[in-house]
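J.: structure for this input, please:
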Amino acid sequence: MATAGALSACTVASNDVPIKPTPVALPLPAAPSAQSAAIGTYYSNLQADLLVQGLLRKDGGGPDTPYTSDMLARNFERIAFYDEHAVGTRLQSANGEARQLVRWQDPVRIKVEFGPSVTGEQRTADKAFIDAFAGRLARLTSHPIRTNPLRPNFHVFVFGEDDRGTMQARINEVLPGLSSASRAIIQNLPRDMHCLILANSADDAVPQIKSAVAIVRAEHPDLLRQTCYHEEIAQGLGLLNDSRHARPSIFNDDDEFAFLTSHDEKLLQMLYDPRLKIGMTADEARPIVKQMARALTAQAL
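T.: Below is the predicted model of the structure:
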């Protein structure tokens, strides 16, 4: 894991005359390549098309998206106990069988890293957005989650097409055991893969999540990029699957919602409820999940 540090120095001025530090201009990112510019145009057009269709909603759900406690319980089981990809890589097809419940036991320390092509303005805005989201997740789960550049265990990489060299070096450092096939997919993301999360669980009797890496395309326009932050960071907490039946939800590939919904907030509350134990099977958890869903929706199953 990478750590960050800083050196500082101070000087005593004669005659108590304050010395103002000389401004140092940060190097500006080079102009994007034609390929990066084309990717940016593609995703800007995609975002515009989704918005015209009434998708990427920010309202978190409303009267047109009702859900019952029974629906919430079923969605939780499908999203928390199954994977569309294998746990630990998120890039290999899962076998379709239910797995044990996984979540974090250690505090989650998120570090955001940007490729050289990302502007200072975008870095500042995105860091603030992720910092606020981490605080929201901590309140929802009652689990320690915060942005912290020191000893991170949850990396969020924001890299553009022109940052391939930097991304490859960082992936090699953070994920030294990643298979060559998975590494190749990361280096050549399909255009329909907007972003991805890799969650790694411990090889012991307690399948807790020990680390995670989210990769987000820097060329995304603001809303698509923020959508990726919401979905991938939330999924990296243990809700690793998507379900076409989940609504209103970002854990659904239909792009209807851009941000975490009221439904999704309940899923996270349930996942980190101490009544559920890491390593539980779906059968063991089901009666507890039904009780929690009933309480959270105030409806009978």
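
J.: rest of the way, CA atoms for contacts and neighbours
T.: Fine.

J.: what's near enough to touch the residue sitting nearest the centre point of the chain?
T.: Taking CA atoms, centre = their mean as the criterion, Ile233 is the residue nearest the geometric centre of the chain, at 2.0 Å. Contacts for Ile233 were tallied using CA atoms under 8 Å, 6 or more residues apart in numbering; they are Ile197, Ala214.

J.: and for the one 10 residues further on?
T.: Ser243 makes contact with Asn75, Arg78, Ile79, Phe251, Asn252, Asp253, according to CA under 8 Å, 6+ apart.

J.: tell me the one among those residues nearest to Asp163.
T.: Lowest distance from Asp163 to those (CA to CA) belongs to Asp253, with 27.0 Å.

J.: any weak-confidence spans in the protein?
T.: Low-confidence segments of the chain, defined by pLDDT under 70: 1-30, 84-95, 203-205, 299-301.

J.: in it, which spans are strands?
T.: For the chain, the strands defined by DSSP state E cover 108-114, 145-147, 154-159, 195-201, 209-217.

J.: pipe the ones you listed into CSV and attach mean neighbour count per row.
T.: Shown next, in CSV, are the strands of the chain (neighbours: other CA atoms under 10 Å):
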stretch, mean neighbour count
strand 108-114, 21
strand 145-147, 22
strand 154-159, 24
strand 195-201, 22
strand 209-217, 23
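
J.: now distance to Phe257 too, for the ones you listed, in TSV please.
T.: TSV is the format used below for the strands of the chain (distance: least, CA to CA, whole Å):
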stretch	distance to Phe257
strand 108-114	23
strand 145-147	23
strand 154-159	21
strand 195-201	16
strand 209-217	18
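
J.: of all these, which one is nearest Leu56?
T.: Comparing the strands of the chain under CA to CA, the one sitting nearest is strand 195-201, at 15.5 Å.

J.: dihedrals phi and psi, Phe251?
T.: phi -90, psi 50 (degrees, to the nearest 10).

J.: again but with Thr68, I slipped
T.: phi -100, psi 170.

J.: so it is in contact with Ala295, correct?
T.: No - Thr68 is not in contact with Ala295 according to CA atoms under 8 Å; the separation is 11.1 Å.

J.: neighbour count winner among these two?
T.: Neighbour count, other CA atoms under 10 Å: between Thr68 and Ala295, Thr68 has more, with 16 against 12.

J.: residues in contact with Tyr42?
T.: Contacts of Tyr42 by CA under 8 Å, 6+ apart: none found.

J.: for stretch 172-185, list every residue counted as buried.
T.: Using 16 or more other CA atoms under 10 Å as the test for burial, stretch 172-185 gives Val174, Leu175, Arg183.

J.: may I have it as CSV, with CA atoms only?
T.: Coordinates of each C-alpha in stretch 172-185 appear next as CSV, following Å, rounded to 0.1, in the frame of the first residue of the first chain:
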residue,chain,number,x,y,z
ASN,A,172,1.0,-3.5,-10.2
GLU,A,173,1.8,-2.0,-6.8
VAL,A,174,-1.7,-2.3,-5.2
LEU,A,175,-2.7,-5.6,-6.8
PRO,A,176,0.5,-7.6,-7.3
GLY,A,177,-1.4,-10.9,-7.4
LEU,A,178,-3.9,-9.9,-10.1
SER,A,179,-4.1,-12.4,-12.9
SER,A,180,-2.8,-11.4,-16.3
ALA,A,181,-6.3,-11.8,-17.8
SER,A,182,-7.8,-9.5,-15.3
ARG,A,183,-5.0,-7.0,-15.7
ALA,A,184,-5.5,-7.0,-19.4
ILE,A,185,-9.2,-6.1,-19.0
